[in-house]
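S.K.: need a structure here:
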Amino acid sequence: METLIYIGQVSLYWLLLYACYWLFLRHHTFFRCNRAYLLGSLLTAFLLPLVQYPEAAPALPVVYTVSAPVLVVQATAPSPSLFTWMNLLWLAYAGGVLVMGWKLSRYLIELIRFMRRSEAIEMEGYTLVLLDDDGRSGVPVGSFSFLNWVVLSRSDYEHHFDTILTHELAHVQQRHSLDILLVEVLRVLFWFNPVLLLYKQSLQQVHEYLADQQAPNRDRYAGFLVSYALGTPAAPLVNQFFNSSLLKDRIKMLYKNPNSRWSLGKYVAVATLTVFASLLAASCERDASKVEETIQKAPAQDAATDKSSTEANSEVNGPIYTVVEEHPKFPGGLEAMYKFLGENIKYPEAAVKANVQGKVFLAFVVSTEGEIKNIQVLKGLGYGADAEAVRVVSQMPRWIPGKQSGQPVNVKYNLPINFQLEDKTNQAPAIPKADQSSSAIQGDQQGEPPLYVLNGVILESFEDVQAINPNDIDAMNILKDKHATDKYGERGKDGVIEITTRKAK
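M.R.: All right, here's what the predicted structure looks like:
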């Protein structure tokens with residue numbers, strides 16, 4: 001989708017830049033500047049959509065010392081369908097590129113073959129090709145130039161050799177054919193955009209103005225153009241000596257007085273207008289993304305979530321600490337907390353359908369009574385993931401409050417929750433929702449304890465688990481049922497808790 005948006009932005013910038021040329025620059029006698037402007041517009045349009053609106057210096061992030069390792073929540077991603085409107089759109093685009101590419105390559109091959117069948121004379125810096133006026137292969141028989149070939153009809157060679165050769169050599173020496181080839185390649189990639197035809201016509205017009213400047217006698221050359229007006233067929237790629245549609249403009253430009261140097265200020269004005277337009281578009285895009293993010297997050301909560309969030313966000317009495325001597329603890333420790341979260345968090349259906357995954361960062365205050373208050377989403381995903389994380393955290397039981405100098409205090413706590421979609425090809429674990437109770441996780445007699453795996457190594461006793469420093473834990477992943485047995489065999493039948501420490505990463 002982002003690629004399609006980028007293609008659309010490039011097309012709009014082409015239209016804007018060409019409109020500026022048509023309104024302000026096309027009547028100028030600065031032909032080289034006009035050529036540079038047209039070519040620069042074609043290439044600059046690819047960069048303008050990448051312009052980012054300059055932001056103010058961001059505020060320094062607040063670093064909370066008290067935080068928990070990342071909890072991984074996983075769900076099975078929906079099977080992608082091949083018959084989506086996006087795939088059909090890409091198929092239509094690829095079909096257009098293939099058709100236009102085939103037409104361009106076919107014409108190039110026919111043009112080169114046609115010239116090679118004719119008599120060729122190697123000259124200094126170019127190849128002179130003499131051809132018969134028979135019109136074979138659909139290639140024009142009038143005089144023209146292409147790359148380093150100068151093609152003259154027999155009639156022009158015999159009667160107008162010097163005048164036409166001087167004109168066509170100007171095209172060859174200034175490499176005008178490369179401009180037209182660039183436009184044709186862009187037309188292959190952007191076959192749906194008609195503004196490229198206007199760029200091509202304007203470039204061909206500027207090319208003729210530049211070549212006409214090489215004429216030694218303006219009056220004699222203008223009379224020659226009028227007498228030569230025979231309606232020779234035009235070709236899409238070559239620089240043809242005579243084109244009836246340009247005759248009037250070419251003669252007009254021959255006699256037009258040069259523009260003053262003050263007119264060069266229009267190029268600066270157009271550049272300023274373009275930069276302003278790109279910044280305005282970047283600003284609108286930034287604001288639109290913020291609005292979209294707000295819309296995605298706002299409707300995700302249901303009535304129950306709103307109620308629980310309101311209760312959890314009640315006022316906190318007293319100062320709030322971020323660094324304390326004794327951290328607040330969930331009843332039963334980190335394992336019990338992740339057991340609680342794993343049993344209660346459900347991957348939102350909207351996020352699964354939209355193929356959304358990533359981390360939700362929560363911050364909340366553990367009060368002096370152990371209550372969860374002031375729940376905040378520091379960074380969210382939308383599509384119900386933020387609301388689900390807030391809902392479950394607000395339902396946590398009372399914590400053991402943190403202490404400073406032996407007294408209970410309010411402590412701010414960070415909790416990152418990672419929502420991941422399961423890749424069916426890799427058989428990743430499903431939503432962590434263990435079947436055992438928290439006491440079973442700790443290895444008592446209510447059930448068989450799960451299998452603990454530390455950094456890929458199976459721990460043989462629960463004492464090894466208790467020896468892990470909670471502050472070193474980076475992530476915990478809970479596997480159950482088939483996912484556990486597929487990965488660890490029979491030993492994983494009662495569930496698996498995978499622990500990854502920061503040192504391992």
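
S.K.: Pass me the low-pLDDT residue ranges in the stretch 151-300 of the chain, would you?
M.R.: 227, 229-247, 254-255, 257, 259-263, 279, 281-300 (pLDDT under 70).

S.K.: Other residues contacting stretch 5-17?
M.R.: Stretch 5-17 has contacts (C-beta atoms under 8 Å, 6 or more residues apart in numbering) with 41-42, 44-46, 48-49, 190, 193, 195-196, 199, 270, 274, 277-278, 281. C-beta coordinates here come from the backbone N, C-alpha and C atoms, glycine included.

S.K.: at 6 Å what do you get?
M.R.: With C-beta atoms under 6 Å, 6 or more residues apart in numbering as the test, stretch 5-17 has contacts from 41, 45-46, 48-49, 193, 195.

S.K.: could you flag which of those residues are buried?
M.R.: Using 16 or more other C-beta atoms under 10 Å as the burial test, the contacts of stretch 5-17 include 41, 45, 48-49, 193, 195 as buried.

S.K.: Just give me the closest of the contacts of stretch 5-17 to Lys482.
M.R.: Pro49 (46.2 Å; C-beta to C-beta).

S.K.: burial measure for the closest residue to the closest one other than its chain neighbours, as a count.
M.R.: For Pro49, ignoring the flanking residues on the chain, the nearest one in space by C-beta to C-beta, 6 or more residues apart in numbering is Gln9 at 3.9 Å. For Gln9, the count of nearby residues is 18 (other C-beta atoms under 10 Å).

S.K.: So for Gln9, what's the pLDDT?
M.R.: Confidence at Gln9, expressed as pLDDT, is 87.

S.K.: before we move on, back to that, take the buried ones among the contacts of stretch 5-17 and keep only those in helices.
M.R.: If you go by DSSP state H, these have 41, 195 in helices.

S.K.: list the helices and strands the longest strand along the chain packs on?
M.R.: In the chain, with assignment by DSSP state E, the single longest strand is strand 407-422. Strand 407-422 sits against strand 70-76, strand 320-321, strand 358-366, with contacts defined as 3 or more C-beta pairs under 6 Å, 6 or more residues apart in numbering; DSSP states H and E.

S.K.: Counting by contacts, list what the helix or strand following the last one packs against.
M.R.: Spelled out, that is strand 358-366. For strand 358-366, the following helix or strand on the C-terminal side (DSSP states H and E) is strand 372-379. When contacts are defined as 3+ C-beta pairs under 6 Å, 6+ apart, strand 372-379 packs onto helix 303-312, strand 358-366, helix 385-394.

S.K.: Would you single out the least confident of these?
M.R.: Taking the mean pLDDT of the helices and strands packed on strand 372-379, helix 303-312 comes last: a mean of 39.

S.K.: Run a quick neighbour tally on the nearest residue to Leu39 once chain neighbours are set aside.
M.R.: Spatial nearest neighbour of Leu39, excluding adjacent residues (C-beta to C-beta, 6+ apart): Asp179 at 6.2 Å. As a burial measure, Asp179 scores 21 neighbours (other C-beta under 10 Å).

S.K.: And for the one 3 residues further on?
M.R.: Leu182 has 16 neighbours, counted by other C-beta under 10 Å.

S.K.: What lies in contact with whatever helix or strand it lives in?
M.R.: When secondary structure is defined by DSSP H and E, Leu182 falls within helix 176-189. Applying C-beta under 6 Å, 6+ apart, the contact partners of helix 176-189 are 97, 100-101, 104, 146-147, 196, 199-200, 203, 207, 237, 239.

S.K.: Top of these by number of neighbours, please.
M.R.: Most crowded among the contacts of helix 176-189, counting by other C-beta under 10 Å, is Asn239 at 26 neighbours.

S.K.: doesn't Tyr338 fall inside a helix?
M.R.: Yes. Applying DSSP: H, G, I helix; E, B strand; the rest coil, one finds Tyr338 inside a helix.

S.K.: Apart from its chain neighbours, what residue comes closest to it?
M.R.: Met476 (5.1 Å).

S.K.: List the buried residues in the longest strand of the chain.
M.R.: For strand 407-422, by 16+ other C-beta under 10 Å, it's 408-422.
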